[in-house]
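Trainee: how would this look folded up:
(2 chains)
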Number of protein chains: 2
Amino acid sequence: MDKEHEILVSYRDALCEAGFLQRTTVDGVYGRSALFERLVGGVEAYLSGAGADQSPTVVRFPPVVPLELLVRSGYLRSFPTLVGSIRSFKGNEDDHRVLLAELEEGERWSSAATDTGNALCPAACHPLYPTLAGGLPPSGRVFDVYGYVFRHEPSVDPARMQIFRQYEFVYVGDSLGATSHRDLWLERAFDVLGALGLKVTTQAATDPFFGRTGRLLADSQRLAGRKTEFLARTSPSEMSTALASVNLHADHFGRAFGIRSADGTVAHSACVGFGVERIVLALLYQHGLDPTSWPSTLRERLTT
Amino acid sequence: MDKEHEILVSYRDALCEAGFLQRTTVDGVYGRSALFERLVGGVEAYLSGAGADQSPTVVRFPPVVPLELLVRSGYLRSFPTLVGSIRSFKGNEDDHRVLLAELEEGERWSSAATDTGNALCPAACHPLYPTLAGGLPPSGRVFDVYGYVFRHEPSVDPARMQIFRQYEFVYVGDSLGATSHRDLWLERAFDVLGALGLKVTTQAATDPFFGRTGRLLADSQRLAGRKTEFLARTSPSEMSTALASVNLHADHFGRAFGIRSADGTVAHSACVGFGVERIVLALLYQHGLDPTSWPSTLRERLTT
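Mentor: Modelled structure (predicted):
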């Protein structure tokens, strides 16, 4: 455990010294250099192309969403420790004086803080679902979504960031279409990552549901084969990290947001999600910290 | 006032119906269509080019920063109502049961919520300053920063979003360099916006400092001529909105983050910040909701 921690700290520091990331005072929150962002842009364009044959509808959401979204989707219920809920100051001059005194003492802030009704976006596809209550065409629809998401899990592992970008292709329609989308991406996600020269393994997986009820949900997710992860080495640690996952949601989001497929039944959905920073980190670890020395076929694939 | 509100609501709805933005249940938080994002990308590339002759160091920060940053920079002190501070759940199974019961009742959540030490980024340049304690070259340095920022000011005005993107060119160095950067961008920001065919006016301005102390800060900011805004119409409302501002910080950030210029004195800084969504909205209002009908010189300038 301590050995593992040392390996990760030392590799994180190497990535910072090599000029890819900049540390802040919080673990898992980094600045990004121009070079790191060029690699992110390359991966973004590459992934966009990988799903283009599905003629997806492109939509982008900001990193902040209504807190209500996380209540309706069940995310706050199932993953409360990962959620980021946003509050702000609401008070008068007296409350402000208390706030200032608190800040003098210890840089924490407890008084006159109220919920803003906002939260951090927990998964790129979540804000999509409330927009689909209007109905779907008979064959369903595929969406291309990309953006910053937040998970409160501070870590020294550079591949476990608190704020990072997800690229997703999401199908919403009927049950058969959702299964097909899942099956298509089970194969394609492996090929897409493999074509970047990454050594990838697949694994049946579960989400980190909270508590006792959570363990039951995880068991049923595993039994139904609803989540598969695509793992790769992203650091000298021997543990692999999920670069992508393929998820069959069944009618979870359809029921939560009242989405109906063309025949009037509750819509089913499925998605593939790629962790963009993690893919860049896997490339840097597996091909080396000097992208100019990467194989020319790889560099061509990542040219934006 | 009511008339104004009606005009803004009706224009916001028109932008949503025309497929640029998607409403959520929270005012000022929108989804963005592919077309809107293409315009954002065009403005991003255009602004990047506008500052390229300064050979800036490009750096990108995620929308989440350490809360400590807002304490040190004085932002939490001066603009507490705009801040977004992030908390999460930390508790056991019993606390979780309380959380679930609260959610059943009213979709709010008060128990077992703890500060995560994170906050939303309030201005694109803020996370830059703590990275500069290592020192600066004799002529100072210019930085190109771009990213999502949060301001808790819910509004029906589509140009007053809670979460939006800022493009900034920031100088950090000595006092003379900061004044030169300010003077350069006072002229250039006007030209840059004008070259997009936008009708722009300039105005001495102040930041919305909180409370009585805040009014004194605003007065001194105005007297010293430290903030200039570039305003334009972004909707049928007769009120203009700031598309950009040029700010002379003097040694505010230098002192707060212990940054020294090459001669050992406390560093001074200045920045120009552009509101990217606001520029897109000004273009849509002033040139019309069909970008294919915009003047060809404008469309060429915005080609990414």
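Trainee: Close to chain B: what parts of the stretch 151-300 of chain A are there?
Mentor: Taking C-beta under 8 Å from any C-beta of the partner chain as the contact definition, the stretch 151-300 of chain A meets chain B at A:His152, A:Pro154, A:Gln162, A:Ile163, A:Phe164, A:Phe210, A:Gly211, A:Arg212. Using the backbone N, CA and C atoms, a C-beta is placed for each residue, glycine as well.
Trainee: and A:Val65, that one's in a strand?
Mentor: Yes - per DSSP: H, G, I helix; E, B strand; the rest coil, A:Val65 lies within a strand segment.
Trainee: Now A:Asn118. Nearest residue, chain neighbours left out?
Mentor: Leaving out its chain neighbours, the residue that sits closest to A:Asn118 by C-beta to C-beta, 6 or more residues apart in numbering or on different chains is A:Ile86, at 4.2 Å.
Trainee: Off-centre distance for stretch A:183-194?
Mentor: 18 Å (C-alpha atoms, centre = their mean, to the nearest Å).
Trainee: quick one on the thing from earlier: from the residues of the stretch 151-300 of chain A next to chain B, list the buried ones, please.
Mentor: A:His152, A:Gln162, A:Ile163, A:Phe164, A:Phe210, A:Gly211 (16 or more other C-beta atoms under 10 Å in any protein chain shown).
Trainee: For the residue lying closest to A:Pro208 once chain neighbours are set aside, give me the pLDDT.
Mentor: Nearest non-adjacent residue to A:Pro208, counting by C-beta to C-beta, 6+ apart: A:Phe79, 6.7 Å away. Here the pLDDT value assigned to A:Phe79 is 95.
Trainee: Pull up the gap between A:Phe79 and A:Gly214, please.
Mentor: Distance, A:Phe79 to A:Gly214, by C-beta to C-beta, to the nearest Å: 9 Å.
Trainee: cool, A:Arg233 as well?
Mentor: For A:Arg233, the distance to A:Gly214 (C-beta to C-beta) stands at 28 Å.
Trainee: quick one: low-confidence parts of the stretch 51-200 of chain A?
Mentor: For the stretch 51-200 of chain A, applying pLDDT under 70 flags the ranges A:107-111.
Trainee: just to revisit the earlier point, which stretch of helix or strand covers the residue nearest to A:Asn118?
Mentor: Per DSSP states H and E: A:Ile86 is located in strand A:85-89.
Trainee: quick one: contacts of that strand?
Mentor: A:64, A:67, A:95-96, A:99, A:109, A:112-116, A:118-120, B:80-88, B:109, B:113, B:120, B:150, B:152 (C-beta atoms under 8 Å, 6 or more residues apart in numbering or on different chains).
Trainee: For whichever helix or strand comes after it, which helices and strands make contact with it?
Mentor: Downstream of strand A:85-89, the first helix or strand assigned by DSSP H and E is helix A:93-106. Under the contact criterion of 3 or more C-beta pairs under 8 Å, 6 or more residues apart in numbering or on different chains; DSSP states H and E, helix A:93-106 touches strand A:85-89, helix B:75-78, helix B:211-223.
Trainee: and B:Glu187, which of the ones you listed is closest to it?
Mentor: helix B:211-223 (20.7 Å; C-beta to C-beta).
Trainee: I'd like the secondary structure assignment at A:Ser48, please.
Mentor: Strictly by three-state DSSP, A:Ser48 counts as helix.
Trainee: Which of the three states applies to the spatially closest residue to it that is not a sequence neighbour?
Mentor: Distance criterion C-beta to C-beta, 6+ apart; nearest residue to A:Ser48, sequence neighbours excluded, is A:Asp144 at 6.7 Å. Here A:Asp144 takes the strand state, with states given by three-state DSSP.
Trainee: Same question for A:Arg32.
Mentor: With three-state DSSP as the criterion, A:Arg32 reads strand.
Trainee: And A:Val170, by the same measure?
Mentor: Counting by three-state DSSP, the backbone at A:Val170 sits in strand.
Trainee: For it, give the beta-bridge partners.
Mentor: Counting by DSSP bridges, A:Val170 forms beta bridges with A:Phe143, A:Cys271.
Trainee: quick one, what contacts it?
Mentor: For A:Val170, the contact set (C-beta under 8 Å, 6+ apart) comprises A:Cys125, A:Leu128, A:Val142, A:Phe143, A:Val145, A:Ser269, A:Ala270, A:Cys271.
Trainee: of those residues, closest to chain B?
Mentor: Chain B lies nearest to A:Leu128 out of the contacts of A:Val170, by C-beta to the nearest C-beta, at 7.9 Å.
Trainee: Of all the residues in stretch A:252-270, which ones are buried?
Mentor: A:His252, A:Phe253, A:Gly254, A:Ala256, A:Phe257, A:Ile259, A:Ser261, A:Val266, A:Ala267, A:His268, A:Ser269, A:Ala270.
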